[in-house]
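A.B. asks: all I have is the shape, not the residue letters:
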Ligand code: SF4
Ligand code: FES
Ligand code: FES
């Protein structure tokens, strides 16, 4: 497959570049444009980004590899990042992970045959208060996971229904401003 | 003058030095890894921690506040500072590991961190013996590690490019290699991939690290993560001798070290000279060790029946030389000097020509237009083109030289170490009826077409001088013994452990690698003696250079002593007389 940006994306990239005094800082947002379009930023996509921005390929590679949020290979339509870091682990993070593996018939790091789901194991996502939890494709957090809730979410996703962010009652005022 | 106190000693300083560099310049030590004087300062290894403070001044009077003992009150930085990145300021007080327990502890713990995932495979690592990590761990590190869990494993034996191999587990992520390709060679071919404990340097996928300066990263790497594909596993560093020399593969004259063991040059590394090459050299120059080791002309040869060459004794070769010379008139002899040979050798050829009435030697520069890069690679493929211009040899372009042989009644050509047939300046058929006498270091088409071949020493075997494209004269030291030299007697030669303690009967010392050749000055003296000339130089190149310094105006006063003291001398090249080509 040949990877290309179309006119509209190139215009968007020009606008991004104009925001910074030099080109390098545009690397991150342009990688996002690429990932949103192609679903990943594998080696060929990295090459495309490097060429588009006229930056060294090694630089783009280094940036893409640094952040786990950039996918360096093709993934499923939904990437399930299950947290198994401390708080989630003690609240059953591994149970959820293994349940998912069993349910989808794949191991952590793999993608289902139909290309729908990829399971990943991740470290703390900063939602320890709602442990155990998982994140879906760099976006929505699904909290207080149970087997039933997992079933529900997977069923929904299969029908193209992304769960909503479960907004918690947040403090309206930052403590330091009170 | 502003002052700084380091471990209780007072030093004065000028300008805005960084603390680590200032400490090193005083001959003191603070351990460090990522800092390099010719690159940017990322302060990422955290090894160079010291304690730093500033004296407190009374705000009103501006006087130093004193404690009850009359000493200045010092306000210390709340945390230890990385000395590589902090500027020295007036009145600064510094405590290094020499005088402060906290600093000692910080450096020790930092090493423990750095070593968590390090494989500690020094016994099989090429860097051992010249490894900053190994040395500093011995000096400042902990005795053991508290991290007894399984180490993180990373790729090993990664062929980053044709000349550089990576062992990612040994890497301490100092980023010296990536900074080198970003800031010095500017090819931007390397990056650090991943993060945390799994990071290491790599090229972009599918790309190869073929930077023409790639091997400098091997020198820079403070551990054994980057190694030379060529030199890997060939010798332990402590078995070798290190001898200063000059790169002869192009016109820049990079300062180098030749590393020898048992009289083979096993590797070549750059030697710091801020006037020429800073700390770097092109990869190409490192391949010259093969020129010094392989395919050498050893023992003279003479051609019999106009057909094949046979090896001959020196005496017989000199007799044959005289026969050839005496069978033709002096004006039928053409001398060809060489930009590939030293100032001394070309001078002696000129002198011999003058004494014998053979005229001034000719030469043709060895250029490869467009191959230069404006940094350390030059169009000029020879180390001494400027030198022979300054000596007054007569410059020809390629066609002129061939014409001179075919058209002007020349019946004998004497070439000093220049592969003119191989580089398509001359052709073999020019010598069908014309006699060719070759003084050379390596076998090639030119030597093979000759009627008489004399082996002479190469830059790795003699002390001699070369003038680079910018007119800087620099010299070599003998690194490799010939059949007739001996490191124990020649005080210019270095002696390593194996040389000192090995004997003929050990299997690591052989005679095989000593070439049967003579320095041009000794050979010309023998030839001169046979023809009734006294051109002996007992002190070799050094004495020849003294004579050149007295006789040739451009080299006035030049001596080995001055070259050694000042890492070479910038000669006054008159740009009108000498066209300088980069
Ligand atoms: S390979 Fe060597 S020079 Fe490069 S980052 Fe690692 S330790 Fe530093
Ligand atoms: S441990 Fe899972 S979100 Fe923090
Ligand atoms: S040398 Fe100062 S932090 Fe590495």
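C.D. replies: Yep, it's here. Just so we're clear, the structure is a prediction, and the values are computed from it rather than from any experiment. Ligands and ions are numbered 1, 2, ... in the order given.
A.B. asks: so which residue is dead centre in chain A?
C.D. replies: Residue closest to the average C-alpha location in chain A (CA atoms, centre = their mean): residue A:138, at 2.5 Å.
A.B. asks: domain-wise, how is chain A divided?
C.D. replies: Chain A breaks down into these domains under automatic domain parsing: A:7-66, A:78-158.
A.B. asks: any chance of the ones you listed in a markdown table with distance to residue B:166 as columns?
C.D. replies: All C-beta spots, glycine's among them, are computed from the backbone N, C-alpha and C. Shown next, in a markdown table, are the domains of chain A (distance: least, CB to CB, whole Å):
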| stretch | distance to residue B:166 |
| --- | --- |
| domain A:7-66 | 14 |
| domain A:78-158 | 25 |
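A.B. asks: pLDDT weak spots in chain B?
C.D. replies: B:574-582 (pLDDT under 70).
A.B. asks: can you tell me the residue of it closest to ligand 2?
C.D. replies: residue B:196 (16.8 Å; CB to the nearest ligand atom).
A.B. asks: name the element the residue nearest to the residue nearest to the centre of chain A when sequence neighbours are not counted belongs to?
C.D. replies: Using CB to CB, 6 or more residues apart in numbering or on different chains and skipping the chain neighbours, the partner closest in space to residue A:138 is residue A:69 (5.1 Å). Counting by DSSP states H and E, no helix or strand carries residue A:69.
A.B. asks: and the residue lying farthest from the centre of chain B, how far from residue B:91?
C.D. replies: Computed with CA atoms, centre = their mean, the residue of chain B farthest from its C-alpha average is residue B:60, at 57.9 Å. With distances taken as CB to CB, to the nearest Å, residue B:60 is found 18 Å from residue B:91.
A.B. asks: the residue nearest to residue A:138 is in contact with residue A:139, isn't it?
C.D. replies: No - with contact defined as CB atoms under 8 Å, residue A:69 does not reach residue A:139; the gap is 10.2 Å.
A.B. asks: who's more crowded, these two?
C.D. replies: residue A:69 (15 against 11; other CB atoms under 10 Å in any protein chain shown).
A.B. asks: now that one: how far from residue A:16?
C.D. replies: If you go by CB to CB, the gap between residue A:69 and residue A:16 works out to 18 Å.
A.B. asks: look up phi and psi at the most centrally placed residue in chain B.
C.D. replies: Computing the C-alpha centroid of chain B and ranking residues by CA atoms, centre = their mean puts residue B:256 first, at 0.8 Å. Dihedral pair for residue B:256: phi -140, psi 170, per degrees, to the nearest 10.
A.B. asks: for residue A:79, same thing?
C.D. replies: According to degrees, to the nearest 10, residue A:79 has phi -100, psi 120.
A.B. asks: ok, it to ligand 2 distance?
C.D. replies: From residue A:79 over to ligand 2 the distance is 16 Å, taken as CB to the nearest ligand atom, to the nearest Å.
A.B. asks: I'd say that residue and residue A:140 touch.
C.D. replies: No - using CB under 8 Å, residue A:79 is not in contact with residue A:140, being 11.3 Å away.
A.B. asks: looking at the two, which one has more neighbours?
C.D. replies: Neighbour totals were compared for residue A:79 and residue A:140, and residue A:79 leads with 21 against 16 (other CB under 10 Å).
A.B. asks: could you give the bridge partners of the more buried one?
C.D. replies: residue A:118 (DSSP bridges).
A.B. asks: residues contacting it?
C.D. replies: The contact partners of residue A:79, by CB atoms under 8 Å, 6 or more residues apart in numbering or on different chains, come to A:71, A:117-118, A:120, A:136-138.
A.B. asks: and the two most separated of those?
C.D. replies: Greatest spatial distance among those (CB to CB): A:117 and A:138, at 14.6 Å.
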